[in-house]
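> attaching a predicted model along with its sequence, questions to come.
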Amino acid sequence: MAASTLADVAKLAGVSLATASRVLNGSTRTPGAAVTKRVQGAALELGYVANAQAQSLARSSTGLIGLVVHDIADPYFSTLARGVQKQAKSAGKMVLLASTDGSPSDEREAVAAFAARRAEAIIIAGSRSHLSGAEKDNSLLAAEIERYCSYGGSVSMVGAALPALLDVAGVRVLKVPNVEQAYALGQALLGLGYKRFLVVAGPDGLVTSDVRLAGFQSALADAGRAAAEIVRVEFSRAGGYAAGLSIAAQLGERSAAEAISEKCIFAVNDVMAMGVIAGLLERGLQVPHHIGVAGFDDVETLRDFRPSLTTAQLPVEEIGLRASALALGMDDDDPLADVVGRVMLRGSTRGVDSAHVG
């Protein structure tokens, strides 16, 4: 991919080469705000800032690592960030953080900003999106990452890479056993005697949600059981809460709830599961007496919640440590090797106090 030039930026912004240079290279003669914004926008669109700065990556060390997450308020991402920070500190590096709400467009801007600051490595954590309309933004994100890597940068992606980046030098992927752990959770819940299931999933096209759903449904199919019902909501605690209210309304009043005691809800992440439980409780349904609930991730900060949550555990802090090590070239392990997880059976499913399997 050919690098954009300052002349290209000036042409796109409709300004002189000297004006573009004053905006991007620094000058005591600063153009007006509107011109500055137009030049900076053209530079970002063409990738000029990332290119010009990234050329020095192979020649110097800035001690900076960029971390891109969906939502730092989500306990999963804050725990992962803690792992990244620990690894970075041990290597004498500082971490720059960007929270993007899962938008590929915002992720692209974050990568460009980190490249402009000559970050030595970038870690991208969070689900890939195949939602309708995301194709163009995914393509632009992949191009930005490839551009950054072409000048010596290194990127590690947690869970899955964009298909366009699978053969790009400098991009490494840390696999997460989402399918396998969802399958194991399905088996464990069947072993507890549950007969019917409902999955609270994120929007169709959100990869992490979709693969966890697929793994769980496979476990039911292999056991000869009917597929679980699916409720798609926002991939958040608020989405889970809305689903809990809706499910409770469908199941009827508490007086009829004993008839549904063989049913279990699987929410595809822990914060959604917390929301589901809150919605059920608000409508008078007790967990696990009336209905079981399970989540995914085993986020440490949620372990004191009552009832304690049955979940598919991922070592989230370890994922952050390994992703950081991969990005910095410190991990000699096979980057395609799965992170090891296990199923944790707890009080939100019947007949369980605090045991674990798997």
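Sure, I can see it.

> now do the helices in the stretch 151-300 of the chain.
With DSSP state H, counting those that start in this stretch as the definition, the stretch 151-300 of the chain shows helices at residue ranges 178-191, 207-222, 237-251, 270-282.

> if we compare the ones you listed, which one ends up closest to Asp298?
helix 270-282 (6.8 Å; C-beta to C-beta). In this view, the C-beta of every residue, glycine as well, is placed from N, C-alpha and C.

> what comes up buried for the closest one?
By 16 or more other C-beta atoms under 10 Å, the buried positions in helix 270-282 come out as 270-280.

> Ala325: which of those is nearest?
Nearest to Ala325 out of the buried residues of helix 270-282 is Asp270 (C-beta to C-beta; 25.1 Å).

> which ones are touching that closest one?
Contacts for Asp270 (C-beta atoms under 8 Å, 6 or more residues apart in numbering) come out as 75-76, 295-299, 302, 309, 311.

> low-confidence stretches in this structure?
1-3, 25-30, 49-61, 132, 253-260, 331-338, 352-358 (pLDDT under 70).

> what's the most buried one of the helices of the stretch 151-300 of the chain?
Highest mean neighbour count among those (mean count of other C-beta atoms under 10 Å): helix 270-282, with a mean of 24.

> in a strand, Gly347, correct?
No - Gly347 is assigned coil when assessed by DSSP: H, G, I helix; E, B strand; the rest coil, not a strand.

> what's the burial count for it?
17 (other C-beta atoms under 10 Å).

> how close does it get to Ile277?
Between Gly347 and Ile277 the distance, using C-beta to C-beta, to the nearest Å, works out to 11 Å.

> go on, Leu46?
For Leu46, the distance to Ile277 - C-beta to C-beta - is 49 Å.

> just the ones of the contacts of Asp270 in strands?
Under the assignment DSSP state E, the contacts of Asp270 contribute 295-297, 311 to strands.

> helix, strand, or coil at Ala113?
Per three-state DSSP, Ala113 ends up helix.

> run a quick neighbour tally on it.
Neighbours of Ala113 (other C-beta under 10 Å): 17.

> hang on, it packs against Ala98?
Yes - judged on C-beta atoms under 8 Å, Ala113 makes contact with Ala98 at a distance of 7.1 Å.

> okay, and the common contacts of those two?
Common neighbours of Ala113 and Ala98 (C-beta under 8 Å, 6+ apart) are Gly66.

> and for Gly347 and Ile277, which residues touch both?
What both Gly347 and Ile277 touch, as defined by C-beta under 8 Å, 6+ apart, is the set Pro307.

> list the contacts for the residue nearest in space to the middle of the chain?
When C-alpha atoms, centre = their mean is applied to the chain, the residue found nearest the centroid is Gly126 (1.4 Å). Taking C-beta under 8 Å, 6+ apart, we find Gly126 in contact with 68-70, 77, 100, 102, 158-159, 208.

> report the buried members of these.
68-70, 77, 100, 102, 158-159, 208.

> follow-up on the earlier one: filter the contacts of Gly126 down to the ones in strands?
Per DSSP E, the contacts of Gly126 map to strands at 68-69, 158.

> Ala249: which of those residues is nearest?
Nearest member of those to Ala249, counting by C-beta to C-beta, is Val69, at 33.9 Å.

> which residue, other than its chain neighbours, is closest to that closest one?
Nearest residue to Val69 in three dimensions, chain neighbours excluded: Phe77, at 4.1 Å (C-beta to C-beta, 6 or more residues apart in numbering).

> what distance do you get for that neighbour to Ser236?
Taking C-beta to C-beta, one finds Phe77 at 12 Å from Ser236.

> please enumerate the shared neighbours of those two.
In contact with both Phe77 and Ser236: Asp71, using C-beta under 8 Å, 6+ apart.

> quick one: stretch 120-130 to chain centroid distance?
7 Å (C-alpha atoms, centre = their mean, to the nearest Å).

> end to end, how far does that stretch reach?
28 Å (C-alpha to C-alpha, to the nearest Å).

> residues touching Ala278, list them.
Counted by C-beta under 8 Å, 6+ apart, Ala278 has contacts 240-241, 244.

> now those residues in JSON lines, with distance to Leu190?
JSON lines is the format used below for the contacts of Ala278 (distance: C-beta to C-beta, whole Å):
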{"residue": "Gly240", "distance to Leu190": "22"}
{"residue": "Tyr241", "distance to Leu190": "27"}
{"residue": "Gly244", "distance to Leu190": "22"}
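
> what is the nearest of those to Leu165?
Among the contacts of Ala278, and counting by C-beta to C-beta, the member closest to Leu165 is Gly240, at 31.4 Å.

> identify the residues contacting that closest one.
Gly240 touches 200, 233, 267, 271-276, 278-279, counting by C-beta under 8 Å, 6+ apart.

> OK, contacts around the nearest residue to it once chain neighbours are set aside?
Excluding the flanking residues, the one nearest Gly240 by C-beta to C-beta, 6+ apart is Gly275, at 2.7 Å. Going by C-beta under 8 Å, 6+ apart, Gly275 touches 236-244, 267.

> for Gly275, give its distance to Leu281.
In terms of C-beta to C-beta, Gly275 sits 11 Å off from Leu281.
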